[in-house]
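[1] what's the 3D shape of this:
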Amino acid sequence: MAGLFTFLGTYMVNPALFLLGVAAISSPIIIHLLNKRKFKRIDWAAMDFLLEADKKNRRRVRLENLILLLLRCLACILIGALLARIFWPRNQLASLLGAEEFERIVLLDNSLSMSVKDGSSTSLENAKKALEDFVLGLSGNGSSDTFTLYTTSSPDVPLENGVQVDNQGAAAIVATIEEIQTSDRPSNLAAALLEVEKGLEGKTGAKLNQVVYVVSDMRKTDWPSSEDVADEEGVSETLKRIAARTSGCFLVDIGREDDVGNVFVEQVRCKEKSLVAGVAADFEVTVRNTGKREAKDVKVQFNARFQDGGEIPPIEETVESLPPGKSQTVPFKFAFSREELEASELGSEPARIEAKVVPASEEVDELSDDNERYFAARVAPGLRTLIVDGDILPDRRDSESFFLARALSPPGDQLSGVAVDVVGEGAFETVRLDDYQVSYLCNVFRIPEPGEGIAS
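    Okay, here's the model as predicted:
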């Protein structure tokens with residue numbers, strides 16, 4: 001019985017329903033036999049004429065009954081076949097028609113929106129599972145097809161290119177699919193489809209039967225209107241060209257049908273042109289709600305530290321109410337510790353600035369991968385300022401540059417954010433000016449010409 005189910009499973013989705021339809025053939029036969037049961041005969045003179053007429057029409061009636069029986073049996077088996085969903089394996093159909101194998105070309109959307117939860121799994125996990133089943137199904141049918149896999153995050157380099165879908169090839173393809181993760185890089189469906197089209201052009205003549213599958217959550221941002229992009233570069237126009245030159249082009253919607261709640265960090269901005277250790281800087285974190293539910297008590301966390309520094313507790317503010325479709329900017333003030341700054345050769349250190357949003361309810365934020373945003377900057381010990389004094393006196397306090405330096409960077413605990421270096425006119429030729437943002441020339445008799453030793 002198991003072997004019969006395995007054989008029928010090659011051609012049917014539900015072989016058990018087909019066998020049930022075959023068994024149902026016995027019902028009209030049983031009914032036919034029951035109708036032929038012999039009853040007790042009672043001779044009646046008036047029936048002689050009817051019996052004579054029955055003898056003349058018996059052959060015709062038997063033939064009609066037989067045809068009716070066959071039609072009833074055929075109806076039972078057809079109903080069973082309909083429920084069993086019979087199909088013909090592609091490789092056998094291709095051999096009968098003398099057609100070449102197919103190349104299955106899949107463009108998988110792995111943008112950040114594919115991380116949206118759909119039940120217990122994400123949209124990307126559902127898409128990967130469907131692709132794995134598709135590949136294993138082709139391999140199980142003994143298919144001679146090939147498989148090519150693109151992702152929207154890096155469509156210029158296919159993850160698999162023309163791999164034969166046999167047992168070994170299917171295992172390699174499934175392993176590749178399992179490793180795909182969502183990407184932080186912006187996804188451009190139009191550009192990805194252009195890369196797929198370019199790949200088709202490179203294989204003209206090699207594969208006569210190519211089928212393209214676009215697996216995506218079909219977000220509105222992926223389908224710009226004709227006013228936003230040129231028609232020849234739009235998603236719809238590219239799909240039309242791909243469909244015209246291939247055996248088929250299919251769009252597979254793997255996204256959720258209902259609205260997705262999402263609260264995320266839209267922007268992190270520093271209002272200062274440069275960051276100076278010890279001087280407080282103003283930052284702004286913009287939080288947006290793209291869902292259709294109001295988000296209440298949304299926590300916004302701000303953390304800044306040197307790239308090689310240790311973890312420090314974040315600063316936290318709360319947005320009491322964030323209406324759907326609206327954004328709100330939360331200000332933060334932060335000063336990097338001057339004691340922790342270790343001046344490098346460039347006189348500054350890289351800093352990592354992080355903003356994170358923590359909604360009070362998961363219902364208003366079903367996409368958590370965009371809850372953090374980073375801002376990179378460099379922190380300097382101060383605004384690098386060079387004072388070139390052409391008349392430095394033995395007692396520096398008698399020089400004019402002494403008072404200028406004190407005015408720019410006064411002594412004491414209060415920092416001005418300016419780091420001053422004072423050099424004489426003789427050292428001017430060896431100073432590297434690129435290390436400074438501001439330069440003062442005081443009582444300088446002569447500025448060296450280019451090529452006379454001054455560092456650029």
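[2] Could you look up the SS state of Arg352?
    Following DSSP: H, G, I helix; E, B strand; the rest coil, we place Arg352 in the strand state.
[3] Tell me, how many residues neighbour Pro28?
    18 (other C-beta atoms under 10 Å). C-beta: built from backbone N, CA, C; applies to glycine.
[4] Please name the nearest non-neighbouring residue to it.
    Computed as C-beta to C-beta, 6 or more residues apart in numbering, the closest residue to Pro28 that is not its neighbour in sequence is Arg72, at 3.6 Å.
[5] roughly how far apart are the one you found and Leu82?
    Arg72 sits 16 Å away from Leu82 when distances are taken as C-beta to C-beta, to the nearest Å.
[6] With neighbour numbers in mind, choose between these two.
    Arg72 (16 against 12).
[7] Find me the pLDDT at the more buried one, would you?
    Note for Arg72: predicted pLDDT of 81.
[8] Now do the helix or strand that contains it: distance to the chain's middle.
    Secondary structure from DSSP states H and E places Arg72 in helix 48-84. Here helix 48-84 is found 61 Å from its chain centre; the criterion is C-alpha atoms, centre = their mean, to the nearest Å.
[9] In that helix, which residues are buried?
    Buried positions in helix 48-84, judged by neighbour count with 16 or more other C-beta atoms under 10 Å: Arg72, Cys73, Cys76, Gly80, Leu83, Ala84.
[10] now for the helix or strand where Arg373 lies, which elements pack on it?
    Element membership for Arg373 (DSSP H and E) is strand 372-380. Other helices and strands packing on strand 372-380, by 3 or more C-beta pairs under 8 Å, 6 or more residues apart in numbering; DSSP states H and E, are strand 263-270, strand 275-276, strand 349-358.
[11] And for that strand, what's in contact with it?
    For strand 372-380, the surrounding residues in contact (C-beta atoms under 8 Å, 6 or more residues apart in numbering) are 265-270, 274-277, 283, 306, 336, 341, 346-357, 419.
[12] of these, buried ones?
    Looking at the contacts of strand 372-380 with 16+ other C-beta under 10 Å, the buried ones turn out to be 265-266, 268, 270, 274-277, 283, 306, 336, 341, 347-349, 351, 353-357, 419.
[13] Redo the buried residues of helix 48-84 as TSV? Include distance to Thr385.
    Formatted as TSV, the buried residues of helix 48-84 follow (distance: C-beta to C-beta, whole Å):
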residue	distance to Thr385
Arg72	102
Cys73	101
Cys76	97
Gly80	91
Leu83	85
Ala84	85
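[14] the bottom helix or strand of this structure by mean pLDDT?
    helix 90-97 (a mean of 52; mean pLDDT, DSSP states H and E).
[15] For stretch 284-302, what is the spacing between the initial and final residues?
    10 Å (C-alpha to C-alpha, to the nearest Å).
[16] in the strand holding Arg373, what's buried?
    Arg373, Phe375, Ala377, Val379, Ala380.
[17] Roughly how far does the fourth one sit from Ile105?
    Summarising the geometry, the distance separating Val379 from Ile105, computed by C-beta to C-beta, is 49 Å.
[18] So Val211: helix, strand or coil?
    strand.
[19] What ranges in the stretch 1-150 of the chain fall below the confidence cut-off?
    For the stretch 1-150 of the chain, the stretches with pLDDT under 70 are 1-15, 18, 32, 35-56, 84-85, 87-100.
[20] Actually, the stretch 151-300 of the chain.
    In the stretch 151-300 of the chain (pLDDT under 70), the answer is 202-208, 224-233, 257-258.
[21] likewise the stretch 301-450 of the chain?
    308-311, 338-348, 413-417, 448-450.
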